[in-house]
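J.: have a look at this prediction, sequence included:
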Amino acid sequence: MKLNPSGLLVSAPSSGTGKTTVMLGLARAFAEDGLTVQPFKSGPDYIDPAFHRAATGRASFNLDSWAMDEPLLNTIVAEAHGADIVIAEGSMGLFDGVASPGATGTGTSAETAGRMGWPVVLVLDVSGQAQSAAATALGFASFMPDLPVAGVILNRVASPRHERLTRLGMERAGLPVFGALPRRGDLALPERHLGLIQAVEHPDLNKAIADYAAFLRDNVDLSALRAAATSAAQGTPAALPAPPAQRIALAQDAAFSFTYPHLLEGWRRAGAEILPFSPLADESVPDADLVWLPGGYPELHAGTLASANKFLRSMRKHAKTRPVHGECGGYMVLGQGLTDKDGTRHEMAGLLGLETSFAKRKFHLGYRRATLQAAMPGFAPGAVLRGHEFHYTTILNEPDAPLAQVVDADGNPVTETGTRRGQVTGTFFHLIAAAT
């Protein structure tokens, strides 16, 4: 077995500590120094990888120990070939995951770091505390003794005195401090209800990332961080997921962008032809074997989509003879109508009977295990799929035949089964991998 490229995993005690800003700044700073940087995202996030790619110039991939088996994890981490260093970003807090293990684990960032041999760099928001921050850091460093915590980066430091006192605590705890970031409100990434805005929507993303890199360079010991990077042996890889069709018309714009990068890469490598088009620009569906509508933010563009007549007409025409599949936001657009946050109802494609509303939001979040009751593109009845659901939609009506039996990570039934009508299928979960 060969070693994975040396790397680090940037994590934190919780969400909202600034780890994405630190991740982007470190990745760009190393790239500016001439290193080839391979980014990864631990967990089922479909927004951050696009930011990682903007920072490094290399595609970022998700690594998910709940949804992915060992061969698929090995295959995806092999994307780091040729890189000088790996910088991975954790999700939520370092040890946050689900109670019931999936393919290889519970989906925590700690599992990703341990499996790949990447030491953890903890980003600590030290607002409102000083020496006490060391107790938090020490708890994280000792909670899983076999997981190496390389050290910490102090974030939102209020003053030189604050930094000095916090460093004293870390010295007592025996934890290296790689840097201290002064509090700066202008370094926050814009957010909305599903987390960060999409990378394509940022008004000047390249400048923002360059500013993060300069900020990290001024306040963090990059040489010490690079020296702390290590790796573990890489297991036997397998093939990436196979394409669901030969010619795939893929909706791609600000309303449709949530597709896991390893899926698209697998489709391309297997020889599938991916034909991107923009429903928001009222482009007709390309001539293809399959139309795939990813998730995204259709609720922010419902009026535009409802008036996109060329797109809607071509979708309906395609669905008469060939399959269409939608995930989450794409599923909503396949339905009868979508009510926006202001209470205005917009007619959608009408290929399924689904009716959804954002006027009264309902939170849906978690891993999903789906056993198909009928075929969907790329999978036969009885196939078991792993995915993730995250949206704030209220489902007013889901009248068509159920597509699957769906449970959460603990095996509890989930009412959002997805539906089918003719050759049109849709799910609220985003596909990650087939279960083995």
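T.: Happy to help now that I have it. Keep in mind it's a predicted model, so treat the numbers as computed, not measured. Numbering: from 1, shown residues only.

J.: now do the buried residues in stretch 365-372.
T.: By neighbour count with 16 or more other Cβ atoms under 10 Å, stretch 365-372 contains the buried residues 367-370, 372. Just so you know, the C-beta spots here come from the backbone N, C-alpha and C atoms, and that holds for glycine as well.

J.: can you tell me which of the residues you listed are in strands?
T.: Residues of the buried residues of stretch 365-372 located in strands (DSSP state E): 367-370, 372.

J.: neighbours of Ser142, just the number please.
T.: Look at Ser142: counted by other Cβ atoms under 10 Å, it has 11 neighbours.

J.: contacts only, for it.
T.: If a contact means Cβ atoms under 8 Å, 6 or more residues apart in numbering, then Ser142 has no contacts.

J.: are we agreed that it is in a helix?
T.: Yes: applying DSSP: H, G, I helix; E, B strand; the rest coil, one finds Ser142 inside a helix.

J.: separation between it and Leu372?
T.: Using Cβ to Cβ, to the nearest Å, Ser142 is found at 44 Å from Leu372.

J.: and for His430?
T.: 15 Å.

J.: for the helix or strand that contains Thr20, packing partners?
T.: Under the criterion DSSP states H and E, the helix or strand holding Thr20 is helix 19-32. If you count contacts as 3 or more Cβ pairs under 8 Å, 6 or more residues apart in numbering; DSSP states H and E, helix 19-32 packs onto strand 7-11, strand 37-42, helix 48-56, strand 85-89, helix 205-219, helix 222-228.

J.: now do it, average pLDDT.
T.: The pLDDT scores in helix 19-32 average 96.

J.: stretch 426-436 now?
T.: Averaged across stretch 426-436, pLDDT comes to 95.

J.: just the pLDDT at Ala50, thanks.
T.: pLDDT, Ala50: 91.

J.: how near is it to Ala83?
T.: Ala50 sits at a distance of 18 Å from Ala83 (criterion: Cβ to Cβ).

J.: I'd say Gln423 and Pro323 touch.
T.: Yes: counting by Cβ atoms under 8 Å, Pro323 is a contact partner of Gln423 at 4.3 Å.

J.: between the two, who's got more neighbours?
T.: The neighbour comparison of Gln423 against Pro323 (other Cβ under 10 Å) goes to Pro323, with 22 against 18.

J.: which residues are in contact with the more buried one?
T.: So Pro323 contacts 245, 289-291, 377, 423-425 (Cβ under 8 Å, 6+ apart).

J.: can you classify Arg156 by secondary structure?
T.: Classification of Arg156 using three-state DSSP returns strand.

J.: distance-wise, check it relative to Arg420.
T.: 49 Å.

J.: which of those two has more neighbours?
T.: Arg420 (23 against 20).

J.: mind checking pLDDT for Ile47?
T.: pLDDT for Ile47: 87.

J.: list the buried ones in stretch 159-178?
T.: 162-163, 165-167, 169-170, 173, 175, 177-178.

J.: between the ones in strands among the buried residues of stretch 365-372, which is nearest Glu416?
T.: Set against Glu416, the nearest of those by Cβ to Cβ is Arg368 (8.4 Å).

J.: who's in contact with the closest residue in space to that closest one that isn't next to it in sequence?
T.: Closest residue in space to Arg368, ignoring its immediate chain neighbours: Phe429 at 4.0 Å, by Cβ to Cβ, 6 or more residues apart in numbering. Each residue near Phe429 by Cβ under 8 Å, 6+ apart is listed here: 327-328, 368, 370, 385, 387-389, 406, 416, 418.

J.: what's the closest of those to His346?
T.: His346 lies nearest to Cys328 out of those, by Cβ to Cβ, at 16.9 Å.
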